[in-house]
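K.L.:
Mind folding the following:
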Amino acid sequence: MSEKEQKSELVRESDSYKAKILKLRSELNKIADQKEAFFSEKEEIDKKISSLINQIALLKKERDTLITEIKDAKKKRNNYNKEIKNKIADVKKARADKDKLTKRYKIKGDPSSIKNQIELLEKKIETEVMSFEKEQQLMKVLKDLKKKEKEFEKLDSVLERIHTLSKEIDELKNKAESTHKSIQEKAKISQEKHMQIISLSGGVKELKEKKSQLTKKIKEIKEQFKKIDNELKQTLLELSKSKEKIDEQKKKIKNKKQILEEIKLKKKEELVKEKLRRKEKLTTEDLLVLQKLEQ
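P.N.:
Numbering: from 1, shown residues only. Next up is the predicted model:
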């Protein structure tokens with residue numbers, strides 16, 4: 001193979017390396033864009049995961065607060081029910097006392113009517129003139145009425161206690177019912193928050209799986225980038241070597257050309273010298289050769 005053919009072969013090889021380098025750089029740019037897109041997507045997923053975790057933390061805090069409030073409310077309701085139970089027992093005892101008093105003293109009639117009768121008799125005894133016997137009879141009636149009034153007072157005390165206890169029981173029942181409703185409402189809200197936590201946790205799980213897949217893709221694309229980058233570096237090195245070979249070949253061709261030029265010039269010099277010896281007329285080209293000799 002001639003030197004010119006060798007040079008042409010080296011140029012073709014160099015052009016092949018250049019084309020390969022352009023292709024590899026294009027592939028690297030494409031991979032770099034993909035990698036950047038994956039990183040952006042991963043960053044967005046991280047933001048979403050962080051947001052969901054913050055929401056879950058807030059919901060858990062609210063749910064735990066509700067659970068504490070429910071526990072306290074249940075304790076309060078149990079205390080109300082315990083009080084109701086004790087007061088019902090007191091009412092039963094008071095009603096038993098009422099039955100005993102009614103049975104013991106055979107209490108009948110209207111307490112207010114007895115009081116009116118006592119007032120009338122006392123006024124009559126004080127204001128009217130009557131015989132001693134009649135006064136004694138009225139005094140005996142008055143004594144019986146006052147005794148009966150005292151019996152009614154004992155019964156009134158028991159009845160008042162029953163009434164007070166019944167009122168307190170109704171109030172406690174209202175409080176217990178109100179507390180129970182509050183427990184149900186809070187339990188419902190707590191359950192809703194719990195379901196939201198489960199739903200958001202599922203979202204976090206899905207995003208983490210997606211992030212894991214992206215991380216895997218990023219790892220693969222990094223390896224691909226590294227592989228192509230190494231190939232590019234190797235191709236650049238080979239291109240550099242190819243250029244060196246071309247430069248060396250050019251230098252060889254140039255040196256060879258110079259040698260041929262020098263041989264050619266030497267022959268011309270000999271011819272000019274010969275003409276000078278013969279005193280022949282010199283051509284313009286001869287004069288130029290002669291000029292080079294003088295240099």
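K.L.:
residue contacts, residue 214?
P.N.:
By CB atoms under 8 Å, 6 or more residues apart in numbering, the residues touching residue 214 are 38, 41, 42, 45. Every C-beta, even on glycine, is put in place using the N, C-alpha and C of the backbone.
K.L.:
Which helix or strand contains the last one?
P.N.:
The reference is to residue 45. Assigned by DSSP states H and E, residue 45 belongs to helix 3-105.
K.L.:
counting contacts, what elements does that helix pack onto?
P.N.:
On a contact count with 3 or more CB pairs under 8 Å, 6 or more residues apart in numbering; DSSP states H and E, helix 3-105 meets helix 132-278.
K.L.:
quick one: the helix it packs on to chain centroid distance?
P.N.:
Mean-position distance between helix 132-278 and its chain equals 4 Å (CA atoms, centre = their mean, to the nearest Å).
K.L.:
can you give me the angle that helix makes with helix 3-105?
P.N.:
Angle, helix 132-278 to helix 3-105, by axes from the mean of the first three to the mean of the last three CA atoms, to 10 degrees: 180 degrees.
K.L.:
pull the CA atoms of stretch 80-90 into CSV?
P.N.:
Provided in CSV are the C-alpha atoms of stretch 80-90 (Å, rounded to 0.1, in the frame of the first residue of the first chain):
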residue,chain,number,x,y,z
TYR,A,80,-72.4,9.1,86.5
ASN,A,81,-73.8,5.6,86.2
LYS,A,82,-72.3,4.6,89.5
GLU,A,83,-73.9,7.7,91.2
ILE,A,84,-77.2,6.9,89.5
LYS,A,85,-77.0,3.3,90.8
ASN,A,86,-76.3,4.6,94.4
LYS,A,87,-79.0,7.2,94.2
ILE,A,88,-81.6,4.6,92.9
ALA,A,89,-80.6,2.5,95.9
ASP,A,90,-81.2,5.5,98.1
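K.L.:
Just the buried ones from the contacts of residue 214, in ChimeraX syntax?
P.N.:
Buried subset of the contacts of residue 214, written as a ChimeraX selection, criterion 16 or more other CB atoms under 10 Å:
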select :38,42,45
